[in-house]
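K.L.:
whatever this is, show me its structure:
(chains A and B)
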2 protein chains.
Amino acid sequence: MLAIPLNPNLTRPLYLQIADHITALARAGQLQADQRLPSSRQLAEQLNLHRSTVVTAFDELRARGIIQTLHGSGSYICSGLFDQALQAPKPQALTTPVLANDQLIAELWRLNHAEGMISLALGVPAPDMFPSQRFGQLQQRIARRNPQTAWNYTHPQGFYPLRQAIANDLARHGIQTSAEQLIITNGANEAINLVTQALAVTGDSGLIEEPSFHTTLLNLQQAGIRLNGFAVTHNGPDWASLNAALRTGSSHPRFILVVPDYHNPTGMRWASDQRYQLLNWANQQAIPIIEDATYSDLGLTGPSQPALRAFDPNVIYIGSYSKSLMPGLRIGFIVANGLLQQQLVSLKTITSGSNESFSQQILAEYLHAGEYHEQLAWVTSIYQQRRDALLEAIQCYLPTEVHATIADGGFYSWLHLPADQSIMRLFQRALQRGIVIFPGQAFYLNQANQTHNAIRLCFARYPEDVLTHAVRLLGSCF
Amino acid sequence: MLAIPLNPNLTRPLYLQIADHITALARAGQLQADQRLPSSRQLAEQLNLHRSTVVTAFDELRARGIIQTLHGSGSYICSGLFDQALQAPKPQALTTPVLANDQLIAELWRLNHAEGMISLALGVPAPDMFPSQRFGQLQQRIARRNPQTAWNYTHPQGFYPLRQAIANDLARHGIQTSAEQLIITNGANEAINLVTQALAVTGDSGLIEEPSFHTTLLNLQQAGIRLNGFAVTHNGPDWASLNAALRTGSSHPRFILVVPDYHNPTGMRWASDQRYQLLNWANQQAIPIIEDATYSDLGLTGPSQPALRAFDPNVIYIGSYSKSLMPGLRIGFIVANGLLQQQLVSLKTITSGSNESFSQQILAEYLHAGEYHEQLAWVTSIYQQRRDALLEAIQCYLPTEVHATIADGGFYSWLHLPADQSIMRLFQRALQRGIVIFPGQAFYLNQANQTHNAIRLCFARYPEDVLTHAVRLLGSCF
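P.N.:
Modelled structure (predicted):
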């Protein structure tokens, strides 16, 4: 029996409602090709309508090419057409096929929201440390003051007072810039996407630290950029590795992408002399530098180093408030100059448009009020305690062969595991105990390389006792 | 004299502060290559420091490769290095060079915020009709109820209750879908960017209506997609033109992108039979359909037609709340199935990440409360009056040769002008009178084609009297 919902109160005539519904069922494959429809008499009885209404509906369906009527036999869903509709317009593959890491990250996002799991996998800050109350007050103030404009478009480059506030704040990192050079983006992800799109096209090559943030690797790979990785030591690049990566590429690299402050996943910070050395090296090689400063505000030990951008205004600087303040704002930014800056504003305008407007207005108020620094001082003191608790638990509960980096800042500790330890088996066992960890291969270009036997743990999200509990459970999985 | 600001209260030693500052000046080109520095003795006196501090600073600068000291002659900024720093790492051009339309649109965005101008150019809704007060209430409610999670990441696919609410709402357009098929995007712009990236790579071709939304054209062109345009009549595609466009392309089109409801810039809506015909045509040609429904909720006349997606679940459907509700939300969405849907979630995750979280939560509440329909009924009644006022003013004040389309919905009237009328001269003259109009060539693939002598006017933003005033001033520019 064909269930057709009809609504006599709609302006759309009943015969068209019938025709629409049968068309939709056929297109969706719920009525199959060559399937016989009830007769117009049967359908009229069932729907409690005059038969002429159903006959008109069938006329319409024939006109649409949805049914055909064989004399003396009845009406049938047309064949061919819908087989094609369901099979033919298959989407083409992406530039590069969907990577396995892609699916791993999708699974980690699913598990990030799963009830009862402790996830140390994703880089999520602690929500109980958000300045939510203060932001609530600022929301109300802005809603009262700008009721007409608060929800309108901002300029695609970003809300001007926010750009001013960020430019002022960057002086802390030794950067002299202005609202004019800044572009607000949907987090650092979009910033990296825009900058690398502007600098490189499919087939071009770029240099990147290895390991590196998994999303950045996927982002560049899906754009068809050939990445050459170089190793990093505790203080900065491994120069032999960097020069080897430069020689390996078949074309001159369009950029070098680095994270000098609190690298993801290793948590390391470059020494001062290594920063100057990279600037000189990149200048000599004529390779633009992209400096990803997502974690720069989250130093846990010692005084901060000036940014690369502080010493060379050609460095393209990317920042974010996702980790240092609140991810839900989705506010990242680019500092760039000249023609490149103009190209980036164009790209932002045409590929996505401006960012959400209200959060830009709140963050502008918050930064201008000078409250960000106090917030940073507070959260970094807590993250330092959490880092220490995580490291202590690793020493207590994990095998002695496990070697953890001591993060100078940011969110992560990076654990090297014995070569004979299967990371995916560890991941599965931990999952059974309610613990989510991040398998390290996602941070490498060549995932098959078994020397990369590592996991990343985020210490920012949970209090010390939860971290200790989670690591103890993880220890029982080895 | 070399002005070097020093702060003895910083943890960074004074000799490093000196070295940092000179490095920055040199990198910025404020100290030029081969420029001679003061002697360490002179600088020590000037800065009121012990000479050994300055000597140590110079040692550091030599180690950094910033200065060189010639025996008996003094210290000089190194040559070569900084010339390179300032000149060498020039950004590469975009995939396609920056288009002239790009600059035009940047200028229109600038003028959109300019004091004292009446801009009929951009598609901006009327801010005094925003449900700002109601959104303020919902903001407070969410801030109270979810203080800990309101500002955290949402899932990259979008906030689940929002996806549910949108899926429910789409039944109005005859679409049966679910939260699982939906992906929240940064407006319809990002939706189009993601879908076309997933379906086509550089060098692939696609079919698009001509004229079409300027940003969509730029978006696809910068991705290196070769577009073949086809003409539209009042009711739907010009079939001869569409078949010609299909034959013109050197490769099979990866998609056809259409706006069946209240097309931008023409305001037209496709007739029912033309919709079915396109579905059949695209199925026969095995070309996926992208349906841009940005303006679908803004019908001004007569009952709405079901969406293409209502009759074929293979249609990729794109919607937005920017025009129908408030642009500052930056909430658009995609409805897609199967493998393509998974690829789109991956692409969104790795190229930009989730949308701003708070606005997703507010919109979810607002849609679930069922208030959107009342808001739509109200705004469309007002937009209808504004459209009528604009058309009347056009009849009154513009030359009789000007032919304006009567929009069935949306924001725009599209004015064809006599072939001998220079649009850019009209644009300049109108600007002098404080009126901003949108030159029509930006909506065409071939901008040089002089038959495209048109302008787009947005009637949504201002009340009737302002529209009348603006058109009267425009009339004086011919």
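
K.L.:
any part of stretch A:336-346 near chain B?
P.N.:
Yes. Stretch A:336-346 is in contact with chain B by Cβ under 8 Å from any Cβ of the partner chain, via A:G338, A:L339, A:L340, A:Q342, A:Q343, A:V345, A:S346. C-betas here are computed from N, CA, C, even on glycine.

K.L.:
who touches that stretch?
P.N.:
A:156-157, A:181, A:183, A:194-195, A:198-199, A:313-314, A:316-317, A:334, B:90-91, B:94, B:98, B:102, B:106, B:218 (Cβ atoms under 8 Å, 6 or more residues apart in numbering or on different chains).

K.L.:
looking at these, which are in helices?
P.N.:
When DSSP state H defines the helices, the subset of the contacts of stretch A:336-346 inside them is A:L194, A:V195, A:A198, A:L199, B:D102, B:A106, B:L218.

K.L.:
can you say which of the contacts of stretch A:336-346 are buried?
P.N.:
A:156-157, A:181, A:183, A:194-195, A:198-199, A:313-314, A:316-317, A:334, B:91, B:94, B:98, B:102, B:106, B:218 (16 or more other Cβ atoms under 10 Å in any protein chain shown).

K.L.:
quick revisit: tell me which of the residues of stretch A:336-346 next to chain B is nearest to chain B?
P.N.:
Nearest to chain B among the residues of stretch A:336-346 next to chain B: A:L340, at 3.7 Å, using Cβ to the nearest Cβ.

K.L.:
how about the nearest residue to A:G158, chain neighbours excluded?
P.N.:
Spatial nearest neighbour of A:G158, excluding adjacent residues (Cβ to Cβ, 6 or more residues apart in numbering or on different chains): A:I184 at 2.8 Å.

K.L.:
which parts of the stretch 101-250 of chain A are strands?
P.N.:
A:118-119, A:182-186, A:205-209, A:226-230 (DSSP state E, counting those that start in this stretch).

K.L.:
relative to chain B, how far out is A:L70?
P.N.:
Counting by Cβ to the nearest Cβ, to the nearest Å, the gap from A:L70 to chain B is 20 Å.

K.L.:
who is that residue paired with across the strands?
P.N.:
Beta bridges link A:L70 to A:G74 when assigned by DSSP bridges.

K.L.:
ok, now how distant is it from A:N283?
P.N.:
Per Cβ to Cβ, to the nearest Å, A:L70 is found 79 Å from A:N283.

K.L.:
try A:Q46
P.N.:
80 Å.

K.L.:
ok, now how distant is A:D128 from A:E374?
P.N.:
A:D128 is 17 Å from A:E374, by Cβ to Cβ.

K.L.:
of those two, who's got more company?
P.N.:
The neighbour comparison of A:D128 against A:E374 (other Cβ atoms under 10 Å in any protein chain shown) goes to A:D128, with 13 against 10.

K.L.:
thought B:T149 was touching that one, still the case?
P.N.:
No. Using Cβ atoms under 8 Å, A:D128 is not in contact with B:T149; the gap is 10.0 Å.

K.L.:
which secondary structure elements does the helix or strand containing A:W281 contact?
P.N.:
Using DSSP states H and E, A:W281 sits within helix A:272-285. Applying 3 or more Cβ pairs under 8 Å, 6 or more residues apart in numbering or on different chains; DSSP states H and E, one finds that helix A:272-285 contacts helix A:239-248, strand A:256-258, strand A:289-292, helix A:308-311, helix B:14-27, helix B:81-87.

K.L.:
check those for me: which has the lowest mean pLDDT.
P.N.:
Among the helices and strands packed on helix A:272-285, helix B:81-87 carries the lowest mean pLDDT, a mean of 37.

K.L.:
my guess is A:S346 is in a strand, correct?
P.N.:
No. Read with DSSP: H, G, I helix; E, B strand; the rest coil, A:S346 is helix and lies in no strand.

K.L.:
domains for chain A, by residue range?
P.N.:
Domains of chain A are assigned by automatic domain parsing as A:14-87, A:100-127+A:374-475, A:148-370.

K.L.:
quick one: contacts of stretch A:381-401?
P.N.:
Here stretch A:381-401 makes contact (Cβ under 8 Å, 6+ apart) with A:126, A:129, A:298, A:300-301, A:402, A:404, A:406-407, A:411, A:413, A:415, A:417-418, A:457, A:459-460, A:462-464, A:467-468, A:470-472, A:474-475, A:478.

K.L.:
quick one: neighbours of the residue in the stretch 351-478 of chain A that chain B sits nearest to, just the number.
P.N.:
Residue of the stretch 351-478 of chain A nearest chain B, by Cβ to the nearest Cβ: A:S357 (3.2 Å). A:S357 has 27 neighbouring residues, counting by other Cβ under 10 Å.

K.L.:
next up, the contacts around it.
P.N.:
A:A150, A:W151, A:N152, A:Y153, A:T154, A:F159, B:P327, B:G328, B:L329, B:R330.

K.L.:
how many neighbours does A:N235 have?
P.N.:
So A:N235, with other Cβ under 10 Å, has 13 neighbours.

K.L.:
separation between the closest residue in space to it that isn't next to it in sequence and A:Q139?
P.N.:
The spatial neighbour of A:N235 that comes closest, neighbours along the chain excluded (Cβ to Cβ, 6+ apart), is A:A271 at 4.1 Å. Counting by Cβ to Cβ, the gap from A:A271 to A:Q139 is 42 Å.

K.L.:
give me the more crowded residue out of those two.
P.N.:
A:Q139 (23 against 15).
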